[in-house]
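Peer 1: Give the three-dimensional model of this entry:
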Amino acid sequence: MVQLLISAKGHGKTKLLIDMANDAHKTASGNIVFIDDNKKHIYDIHSGIRFVETSACDLVNYREFAGFIYGILSQNSDIEKIFVDGLYKIIRDLSDEDLVKLVKRLDAISKEESVDFIVGMSSDYGKIPEGVQDYVLQA
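Peer 2: Now for the predicted structure:
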């Protein structure tokens, strides 16, 4: 499953993602991963959740991000959910076309690896490409 949490900047996506990750940790039978572009919220995440900070990674496009995800999954086959906060900050160049490709790739990874993705992005729902609107949860 892939879910995109979409709202304008400053509308509480990060807090909602953190709450969702912490709640998922309480009931998860597998591991939870939280990916963020900085360490600002590291202490808001439960210590049992694997926190991955990406600022040093310089992920340029959706292909590099997908490879990054495969790398995380290769280290632990028991990952149940991956939360991503600030997708547009993590991937430096993400066009609408590439967003559609990324969501399709994450959907395929989700099915292959039995992992759920919950991805937070600052945008307006009306600006989201048609190919990903079925994945959107509005914050």
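
Peer 1: got the CA coordinates for the helix or strand where Leu4 lies in CSV?
Peer 2: Using DSSP states H and E, the element containing Leu4 is strand 2-7. Extracted C-alpha coordinates of strand 2-7, given in CSV (Å, rounded to 0.1, in the frame of the first residue of the first chain):
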residue,chain,number,x,y,z
VAL,A,2,1.2,3.5,-0.8
GLN,A,3,-0.5,6.5,0.7
LEU,A,4,0.4,10.1,0.0
LEU,A,5,-0.3,12.6,2.8
ILE,A,6,-0.8,15.9,0.9
SER,A,7,-1.3,19.4,2.3
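
Peer 1: Next secondary structure element downstream of it?
Peer 2: By DSSP H and E, the next helix or strand past strand 2-7 is helix 13-27.

Peer 1: Which strands and helices lie in contact with that following helix?
Peer 2: strand 2-7, strand 31-36, strand 79-85, strand 116-122 (3 or more C-beta pairs under 8 Å, 6 or more residues apart in numbering; DSSP states H and E). For every residue, glycine as well, the C-beta is placed using N, CA and C.

Peer 1: Identify the residues contacting the strand holding Leu4?
Peer 2: 13, 16-17, 103, 106-107, 110, 116-125, 128, 132, 135-139 (C-beta atoms under 8 Å, 6 or more residues apart in numbering).

Peer 1: okay if I get the helices and strands packed on helix 13-27 as JSON lines plus distance to Phe65 and mean pLDDT?
Peer 2: Formatted as JSON lines, those follow (distance: least, C-beta to C-beta, whole Å; pLDDT from 0 to 100):
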{"stretch": "strand 2-7", "distance to Phe65": "13", "mean pLDDT": "89"}
{"stretch": "strand 31-36", "distance to Phe65": "9", "mean pLDDT": "96"}
{"stretch": "strand 79-85", "distance to Phe65": "9", "mean pLDDT": "96"}
{"stretch": "strand 116-122", "distance to Phe65": "10", "mean pLDDT": "92"}
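
Peer 1: So which of those is nearest Asp96?
Peer 2: Nearest to Asp96 among these is strand 116-122 (11.8 Å), distances taken as C-beta to C-beta.

Peer 1: Fine by me, we can end here.
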